[in-house]
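Asker: task: produce atomic coordinates for the following.
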Amino acid sequence: MKAIIVGAGGTTRELLRRLGEQWEVTVIDLDSGRLDAAAGIRVFEPVVGDGSSPLILDRSGIDDAAALVAASDDDDRNLAAVQLALDKGLLRVVAVASDPERLPDYRSLGVAVYAPDQLTARHVELEMEPRRVASTAFAQGKAEALEFVVTPDSPVHGKKLRDIHSRVWVVAAILRDDELVVPSGATELLAGDRVTVVGAAADFTGIVNTFTSGESRFPLNYGRKVGVVLDSEVDLEKTVPEAMSLVRNSRAEELMVVHRNLEAERDPGRVDEIAQLLEKLEAQSDGVAIDLRPVDGHPHVAFRRLIEAESVGVVAVAAPTGRGVVGRFRAAKVLNTYGRSRRPVLLCRGSHPYSSILVPARRTVSGETAGRTAIDLARTSGASLVGVSIIAPTFVTGPEAVADARVAAAWLREEASVQGVHVRRKLARGNPVREIERIAVGTSLAVLSMPSLPLSWIRPGITGHLIDRLGSSILLIPGEM
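Answerer: Purely as a prediction, here's the structure:
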């Protein structure tokens, strides 16, 4: 994410030491010497100029920025830069008052404002680092207590404290569901925990990286296999290759292939057909671990049972064909069959390997789960990620819908930045189905929340309509694991 800082004084230098690596920083100052003095702290783009100038801010990339910090020693310049940032729609705008008597001027604009230098840097750091919620120095500045929120993609999520033991810091307390937990070595860290960590101030960066960095987990948070049925040449040409591609480009460990048991099959022609399919499968595997599962009877019936019994993280099936009523009816049948497993369902349309992934940005449990999945896949596959925020007409949602859409888009961008994934934001107003269909042109995968089941073909909801309309493959994610 991009941050623009106006002024290269003491606050800026302290802030440069503390901001996470996901921030691409541009510093603007009229004095090139001050920019040179800050250059040894971390890499940033220096711009010599007046930070209150619209031309200088445009040249500095304010249209692509996620945050602006006004920290020059001139309050008039700071206030002008803040107003320009607000006019551009930036969600994170923070200011440093050079003269404390000017604080009301900043507050009248509705932005966070702080002083003096070191205290300011500490507060601004918390405004800009959403996974860090508190930071306090003590022991004459030699020690620091930091509070973090454990997220589902955190490297410490699901681990016991004894497994992440360190000699330079200690977990002092955990707030879980509004209850204080006094931790021991056997305490397991869970998503949503507010963890207080105490350590040496010199080890600040290492502590922050341990608790705030992100790692791709999909689909291991559901299971370690991608499951698919091989029962015809069509499966071998469409569904199996895409499932195989997902294994290669995710954290999945192997492909589980369910097929008819040759020894139980009485039709000689069918035996030869299945044997040929298995030979071709082996030739296509190209290093992907294959778990062959011969079954008696119809393989799709057995597949549904195996999904429940095995460590299947994704169910890959052919996307329903047809449009309109026929398409919605077939989509409802597929999802009502496989969606009840509470596993992600990949509707394969052969648009792999995924080069561009689309996901709606929504601050709901199901929306955030789908968003994190899209981020994981973008990281492991190298695909670009498009975050879509649709604003319904004002008479339907009210005037707060624009702010909600921007907050959701900002959340997705921040979560993605932790894993080094860039999100292209798309905000649009109108019918969600039509707008997502329009924006999705050219993308190869849409990651959507699983609709409520049973799905009705008469009233399929937004997701049901999108399954019918989108030309790419679709990955449907359950709201909760």
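
Asker: now do the contacts for His422.
Answerer: Counting by CB atoms under 8 Å, 6 or more residues apart in numbering, His422 makes contact with Ser384, Leu385, Ala416. Placement of C-beta: from N, CA and C, glycine included.

Asker: top of those residues by number of neighbours, please.
Answerer: For these, counting by other CB atoms under 10 Å, the largest number of neighbours falls to Ala416: 25 neighbours.

Asker: for it, give me its contacts.
Answerer: So Ala416 contacts Ile375, Ala378, Leu385, Gly387, His422, Val423 (CB under 8 Å, 6+ apart).

Asker: can you tell me how far it is from Arg425?
Answerer: Counting by CB to CB, to the nearest Å, the separation of Ala416 from Arg425 is 11 Å.

Asker: for these two, list the residues in contact with both.
Answerer: Gly387.

Asker: circling back to that earlier point, which among the contacts of Ala416 gets closest to Thr210?
Answerer: Nearest to Thr210, judged by CB to CB, of those is Ile375 at 19.7 Å.

Asker: hey, which helix or strand in this structure has the poorest pLDDT?
Answerer: helix 394-397 (a mean of 59; mean pLDDT, DSSP states H and E).

Asker: what's the first helix or strand after that helix?
Answerer: The first helix or strand that comes after helix 394-397 along the chain, using DSSP states H and E, is helix 401-418.

Asker: tell me the contacts of the closest residue in space to Leu16 that isn't next to it in sequence?
Answerer: Ranked by CB to CB, 6 or more residues apart in numbering and with sequence neighbours excluded, the top spatial neighbour of Leu16 is Ile41, at 4.4 Å. Shown in contact with Ile41 (CB under 8 Å, 6+ apart): Arg13, Leu16, Arg17.

Asker: which other helices and strands contact the helix or strand containing the last one?
Answerer: For Arg17, the enclosing helix or strand under DSSP H and E is helix 10-18. For helix 10-18, the packing partners by 3 or more CB pairs under 8 Å, 6 or more residues apart in numbering; DSSP states H and E come out as strand 24-29, helix 32-38, helix 117-128.

Asker: distance of Ala331 from Arg438?
Answerer: 20 Å.

Asker: tell me which of these two has more neighbours.
Answerer: Ala331 (26 against 13).

Asker: right, and that one touches Leu470 too?
Answerer: No: Ala331 is beyond contact range of Leu470, at 11.0 Å (criterion: CB atoms under 8 Å).

Asker: about what we covered before: sec struct for the residue nearest to Leu16, please.
Answerer: coil (DSSP: H, G, I helix; E, B strand; the rest coil).

Asker: what do you get for His352?
Answerer: The three-state assignment at His352 reads coil, by three-state DSSP.

Asker: any low-confidence regions in this protein?
Answerer: 117-123, 125-135, 137-138, 140-141, 204, 393-399, 480-481 (pLDDT under 70).

Asker: what ranges do the helices span in the stretch 251-400 of the chain?
Answerer: Taking DSSP state H, counting those that start in this stretch as the criterion, the stretch 251-400 of the chain contains helices spanning 268-284, 299-309, 324-338, 365-381, 394-397.

Asker: and the residue nearest to Leu16, how close does it get to Gly51?
Answerer: Distance from Ile41 to Gly51, by CB to CB: 19 Å.
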